[in-house]
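In: Got a predicted structure here, sequence first:
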Amino acid sequence: MTEVRLPYGKTHQVTQIKDERIQGILVSKLEELQREKSQEELVQDALDHPIGTKKLEELAAGKENVVILCSDHTRPVPSKILIPAMLERIRKGNPDAKITLLIATGCHRGTTDEELRAKFGDAIVDSEHIYVHDCDDTELLSHRGTLPSGGDIIVNKIAADADLLVAEGFIEPHFFAGYSGGRKSVFPGCCSRKTVMYNHNAEFIDSAYARTGILENNPIHKDMIYAARQLSLVFIVNVVINAAKEIVHAVAGDLEEAHEAGTEWLKELAGVPKTEADIVLTSNGGYPLDQNIYQAVKSMTAAEACVKEGGVIIVASESSDGIGGDGFYRSFAEEKDEQRMMDAFLATPKEETIADQWQSQIFARVLLRARVIYISGVEDRIVKDLHMIPAKNLDEAMQMADKMMGEDASVTVIPDGVAVIVKQ
């Protein structure tokens, strides 16, 4: 028997599966990586050797109004390490610079004071100027151009008016933008809801290039890069982290060149073979990425790539924050036919994209391929409204899957579905 462990909140879901049933356990090679330097040393090395641009302290010289775009509470970016290092470099270049930490929430809810303190530490929260972006705050949003695809670039004025705009972030596989990090600090990070919804339209989401690990010809990525350049995001510090949320690699420098260097490094380690099975087990990597059902769709796409047509996907996601998107919930609660949903999404013009449509579209695509058993703390009624089958734990979920597919059905395990790139 093989013990299978799926991250779940700050704990794990565990079960035993016969060895002969398991086709593969797909994990990123990041977990085998032996770090030769401390996390702090990796960041300082990246700052000392920026890619494609000057050092941060040189860029900061003479700049009075500096803005650092920071990740929000839904991202496990080690800001306690990144932000002090960036602040030190900026103040080395200009000790008198006015610095704002702009929390790039995108369309997420606002980050709370408690979450800010957990993310940055009390010293940063108490001494630095911090503003939490609100994608619906029209008073603080400004039109700054047009996307290549035709949408309006409407962004936070704090970022748009900066003399020097820089960003922290982390690079991981992303289920439709190819990879996280880099340009995403601007778009969707500090854009208006209207701009985000236009970019996340059904046509783009349906593109064969809008997939995990793909940047070239990705229409979503193309718009994001353009917007970030329009806002003059000139310097990024991005890291790659392992399952323990520890930095194992860092890049700094030009928006595109540094980000590309980071994605190329990650691609070699995160790639896993496509391993088909009747039942696929996965998770969103535990806290903080599994705080709601909405985010859990990301890990489902890794399972989608491996599950056989008509098979079963089991997802462990604590979902302590519940659903994560009202529009996302209503789409499924009000329409029981996923194909009708998909047809309606694809018929929606870009400018009429509704809240959470992109996530609903991808989720419907997953459900059209396989049934989903969902392990969480969310009440059963809500899980069923979202067209899934609720389970209390991994043992119960496997019992359900075995009844559907047979006790000898093949199984693939992807312990952290957001950490891998399934090779097609």
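Out: Looks like it arrived, so ask away.

In: So, low pLDDT: which residues of the stretch 51-200 of the chain?
Out: Nowhere does the stretch 51-200 of the chain drop to pLDDT under 70.

In: What segments of it are strands?
Out: 65-70, 98-103, 129-132, 141-146, 152-156, 164-170, 173-174, 178-179 (DSSP state E, counting those that start in this stretch).

In: Quick one, which of those gets closest to Tyr329.
Out: In terms of CB to CB, the element of these nearest to Tyr329 is strand 173-174, at 22.4 Å. Every residue, glycine included, has its C-beta placed from N, CA and C.

In: And the contacts of the closest one?
Out: Strand 173-174 is contacted from outside by 179-180, 184, 212-213, 266, 270, 298, 418-421, using CB atoms under 8 Å, 6 or more residues apart in numbering.

In: Let's see that with 10 Å instead.
Out: 28, 179-181, 184, 210-215, 218, 220-221, 263, 266-267, 270-271, 298, 301-302, 417-422 (CB atoms under 10 Å, 6 or more residues apart in numbering).

In: Quickly run through the sheet partners of it, with directions.
Out: Applying DSSP bridges to the sheet, strand 173-174 is found paired with strand 178-179 (antiparallel).

In: which outside residues touch the strand it pairs with?
Out: By CB under 10 Å, 6+ apart, strand 178-179 touches 170-173, 209-216, 218, 220-221, 224, 238, 259-260, 262-263, 266-267, 270, 421.

In: From those, which land in strands?
Out: Mapping the contacts of strand 178-179 onto strands (DSSP state E) picks out 170, 173, 238, 421.

In: neighbours around the second one, how many?
Out: To tie it back to what came earlier, the one meant is Pro173. Neighbours of Pro173 under the rule other CB atoms under 10 Å: 27.

In: Next, Met300: secondary structure please.
Out: Judged by DSSP: H, G, I helix; E, B strand; the rest coil, the three-state class of Met300 is helix.

In: so how far is Leu42 from the nearest residue to it once chain neighbours are set aside?
Out: Leaving aside its sequence neighbours, Met300 sits nearest to Val366 (CB to CB, 6 or more residues apart in numbering; 4.8 Å). Distance, Val366 to Leu42, by CB to CB, to the nearest Å: 35 Å.

In: coming back round to it: just to be sure, the residue nearest to Met300 is in a helix?
Out: Yes. With three-state DSSP as the criterion, Val366 is located in a helix.

In: Roughly how far does it sit from Ala160?
Out: 36 Å.

In: Now find how far off-centre stretch 396-406 is within its chain.
Out: Counting by CA atoms, centre = their mean, to the nearest Å, stretch 396-406 is centred 30 Å from the centre of its parent chain.

In: now it: mean pLDDT?
Out: The average of the pLDDT scores along stretch 396-406 is 98.

In: contacts for it?
Out: 4, 6, 13, 15-17, 21, 277-281, 308, 310-316, 371, 373-375, 389-391, 393, 407-409, 411.

In: so Glu36 sits right up against Leu42, yeah?
Out: Yes. Glu36 lies in contact with Leu42 (CB atoms under 10 Å); the separation is 9.2 Å.

In: Pick out whichever of these two has more residues nearby.
Out: Neighbours were counted for Glu36 and for Leu42 using other CB under 10 Å; Leu42 has more, 21 against 7.

In: From what I see, the more buried one and Ile247 are in contact.
Out: Yes. The pair Leu42 and Ile247 passes the contact test of CB under 10 Å, sitting 5.4 Å apart.

In: wait, what's in contact with Asp96?
Out: Going by CB under 10 Å, 6+ apart, the list of residues near Asp96 reads Glu64.

In: swap in Glu318?
Out: For Glu318, the contacting residues are 7-11, 13, 283-284, 286-287, 290-292, 296, 375-378, by CB under 10 Å, 6+ apart.

In: Next, it: secondary structure please.
Out: For Glu318, the assignment made with three-state DSSP gives coil.

In: On the pLDDT front, check it for me.
Out: Confidence score, pLDDT, at Glu318: 96.

In: And it, how close does it get to Val297?
Out: 15 Å.

In: Check Ser142 too.
Out: 31 Å.

In: Show me which of these two is the more surrounded one.
Out: Val297 (28 against 15).

In: and the gap between the more buried one and Ile362?
Out: Using CB to CB, one gets 6 Å for the distance from Val297 to Ile362.

In: Find residues that contact each of these two.
Out: Contacts common to Val297 and Ile362, judged by CB under 10 Å, 6+ apart, are 175, 304.

In: Could you turn the buried ones of the contacts of strand 178-179 into a PyMOL selection?
Out: Only the buried members of the contacts of strand 178-179 enter the following PyMOL selection, criterion being 16 or more other CB atoms under 10 Å:
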select buried, resi 170+171+172+173+209+210+211+212+213+214+215+218+220+221+224+238+259+260+262+263+266+270+421
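
In: Please flag which of the contacts of strand 178-179 sit within helices.
Out: If you go by DSSP state H, the contacts of strand 178-179 have 220-221, 224, 259-260, 262-263, 266-267, 270 in helices.

In: how about these, which pair is most distant?
Out: So, the ones in helices among the contacts of strand 178-179 by CB to CB: farthest apart are Met224 and Ala270, at 20.1 Å.

In: do you know how far Leu102 is from Ile421?
Out: For Leu102 relative to Ile421 (CB to CB), the value is 30 Å.

In: residues touching Ala177, list them.
Out: Neighbour list for Ala177: 183-184, 187-188, 199-200, 210-212, 214-215, 218, 220-221, 224 [criterion: CB under 10 Å, 6+ apart].

In: likewise Lys63?
Out: So Lys63 contacts 90, 93-94, 97-99, 162-166 (CB under 10 Å, 6+ apart).

In: Name only those of these that count as buried.
Out: If we count by 16+ other CB under 10 Å, the contacts of Lys63 have these buried: 90, 93-94, 97, 99, 162, 164-166.

In: Looking at those residues, which is nearest Thr74?
Out: Val166 (20.8 Å).

In: Just give the number of residues close to Ser127.
Out: Neighbours around Ser127, by other CB under 10 Å: 9.

In: How about the one 10 residues further on?
Out: Applying the criterion other CB under 10 Å, we find 12 residues in the vicinity of Asp137.

In: Confirm for me that it is in contact with Ser192.
Out: Yes. With contact defined as CB under 10 Å, Asp137 reaches Ser192; the gap is 8.8 Å.

In: Now for the two: what residues contact both?
Out: Common neighbours of Asp137 and Ser192 (CB under 10 Å, 6+ apart) are Asn156.
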